[in-house]
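Visitor: please work out how this folds:
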Amino acid sequence: MAGVIDKDTLIAGVELGGTKCIATLARGRTILHQSRWPTRGPETLDDIAAALDGWRRGAPFAAIGIASFGPLCLDPADPHFGHMENTPKPGWAGVDVHGHFARRFAIPVGIDTDVAGAALAEGAWGASTDCPVHVYATIGTGVGLGIVVDGKAVHGRLHPEAGHMRIRRTPGDTFAGACPAHGDCLEGLIGGPALAARANRPLAEVPDDDIIWQRVAAELGEWAAMLILCLSPHRLVIGGGVLDHRPALLDNIRVAVADNLGSYLAGLDLDALHDLIVPPGLGREAGPLGAIIIGQNALRETPA
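Guide: Model (predicted):
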């Protein structure tokens, strides 16, 4: 019999992001406590575990969910399950993220990508409820994609790494790209470090009519159109720090998607794209609540 979750079950969540880490204690979707740290080296995990220890003394939680940047090994049969793969973040490659918490806490510990967690949370409590096939794209320090089918995050040999797809460059754009592996893949063009390099000034100082935002909308619009053609989702949620600060981008992305699709998909005109492509229903809590969902799933899947 699997672990049981009721209205009183407490779950701890750990979201490891490219620039910040968030620990959350929640009952269902109700957040009771939260702590934040800048993402430094793997020693950040010690700080998070110490905070969880403190919470556990006063409010014992039943499981931990980890929603982490990647790439991650998520094959339970692999000896490196739960380890960080070849990430460009200094000091993190090869780190046993799952084991760091599983060895310290004698409770179920689940792990998935941060963007898959956000997708699961949006499906349970946010903009993608009642959508059998839905995706969550995050545009922040990196570009990530979580795919959910019938309530389960999709994994194959690896988790989706669609942020490293290459798309056509906009005319006149000579930026070489900032991805250390691929140069001008999508993440290398519109991830946070790439945008900072392209703008050559703080993004907050770049006006909405600057050509850089035209390029970002065109690039994201082509990428989103490819996702729609490949995955046929009922909902495509786009979140992350870049759109948090430039919400007007979403309308321009929809226009670019419509241009890329042409009239090929019946019924998917610009009006329909306003229902298909949406911002997160959970706002900035999609990531932290994603870690809670991952913890809930770990508890459900653990024999009682």
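Visitor: report the central residue of the chain.
Guide: residue 115 (1.8 Å; CA atoms, centre = their mean).
Visitor: next up, the contacts around that one.
Guide: Contact analysis of residue 115 by CB atoms under 8 Å, 6 or more residues apart in numbering lists 136, 137, 138, 144, 145, 146. Using the backbone N, CA and C atoms, a C-beta is placed for each residue, glycine as well.
Visitor: wait, residue 138 touches residue 239, no?
Guide: Yes: in this structure, residue 138 is within contact of residue 239 by CB atoms under 8 Å, at 5.4 Å.
Visitor: what do those two both touch?
Guide: Shared contacts of residue 138 and residue 239, defined by CB under 8 Å, 6+ apart, are found at residue 118.
Visitor: burial check on residue 58, number of neighbours?
Guide: Using other CB atoms under 10 Å as the criterion, residue 58 is surrounded by 8 other residues.
Visitor: name the helix or strand for residue 260, please.
Guide: Residue 260 is part of helix 249-261, with elements assigned from DSSP states H and E.
Visitor: where does the residue nearest to the centre of the chain land in three-state SS?
Guide: Under DSSP: H, G, I helix; E, B strand; the rest coil, the three-state class of residue 115 is helix.
Visitor: before we move on, back to that, if you rank the contacts of residue 115 by neighbours, which is first?
Guide: Going by other CB under 10 Å, residue 136 tops these with 34 neighbours.
Visitor: for that one, give me phi and psi.
Guide: phi -130, psi 120 (degrees, to the nearest 10).
Visitor: give me the pLDDT for the residue lying closest to it once chain neighbours are set aside.
Guide: Nearest residue to residue 136, sequence neighbours excluded (CB to CB, 6 or more residues apart in numbering): residue 119, at 3.6 Å. In this prediction, residue 119 carries a pLDDT score of 98.
Visitor: how close does residue 119 sit to residue 90?
Guide: Distance, residue 119 to residue 90, using CB to CB, to the nearest Å: 28 Å.
Visitor: ok, those two, which is more surrounded?
Guide: residue 119 (34 against 8).
Visitor: distance of the more buried one from residue 283?
Guide: Residue 119 sits 15 Å away from residue 283, going by CB to CB.
Visitor: which stretches of the stretch 1-150 of the chain have low pLDDT?
Guide: By pLDDT under 70, the low-scoring segments of the stretch 1-150 of the chain are 1-2.
Visitor: if we go to 50?
Guide: Counting by pLDDT under 50, the stretch 1-150 of the chain shows low-confidence ranges at 1.
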